[in-house]
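> return atomic coordinates for the entry below.
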Amino acid sequence: MLLYYTWGLVILQLFPDLVTWVNNTFGGFAPFFRPDPAFLVQLPIYLGVVLIMVIAMWIGWTMLTTPAPEPLEDFDFDEEEVAEKAEE
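Got it, this is the predicted structure:
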């Protein structure tokens, strides 16, 4: 991925003659080897948004499918303290 970004954002911008070489060498596949610089900037932003949405979906699905916890019994701690003192 780093090589693709280096190729698209640095090398093709510094050496414009390579664009004609890419067009002549790769023919129909040339657009894959000479990406638009705007696309190379937009791609990681799009992938980051998709990743955040997948994590949010995963959290939502986990919250939806997790059963509710059983309610805790209502403990009366004062009665336990009185019982402990009575035993002493």
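> for Val49, what are its contacts?
When the contact criterion is C-beta atoms under 8 Å, 6 or more residues apart in numbering, Val49 has no partners at all. All C-beta atoms are positioned from the backbone trio N, CA, C, and that covers glycine.
> pLDDT value on it, please?
In this model, Val49 is scored at 97, pLDDT.
> which of the three states applies to Met57?
The assignment at Met57 comes out as helix when based on DSSP: H, G, I helix; E, B strand; the rest coil.
> from Val41, how far off is it?
Distance of Met57 to Val41, computed by C-beta to C-beta, to the nearest Å: 26 Å.
> then Trp21?
Noted for Trp21: a distance of 24 Å to Val41, by C-beta to C-beta.
> before we move on, what about Met1?
For Met1 relative to Val41 (C-beta to C-beta), the value is 14 Å.
> looking at those two, which is more packed in?
A direct count of neighbours by other C-beta atoms under 10 Å for Met1 and Val41 places Val41 higher, at 11 against 7.
> pop out the phi and psi values for the more buried one.
phi -80, psi -40 (degrees, to the nearest 10).
> now Leu72
phi -80, psi 150.
> just the pLDDT at it, thanks.
We have a pLDDT of 73 for Leu72.
> if I look at it, how far off is Phe29?
Leu72 sits 64 Å away from Phe29, going by C-beta to C-beta.
> next, Ala68: secondary structure please.
Using three-state DSSP, the structure places Ala68 in coil.
> mind listing the helices for the chain?
Applying DSSP state H to the chain gives helices spanning 2-5, 12-14, 17-26, 30-33, 37-65, 77-87.
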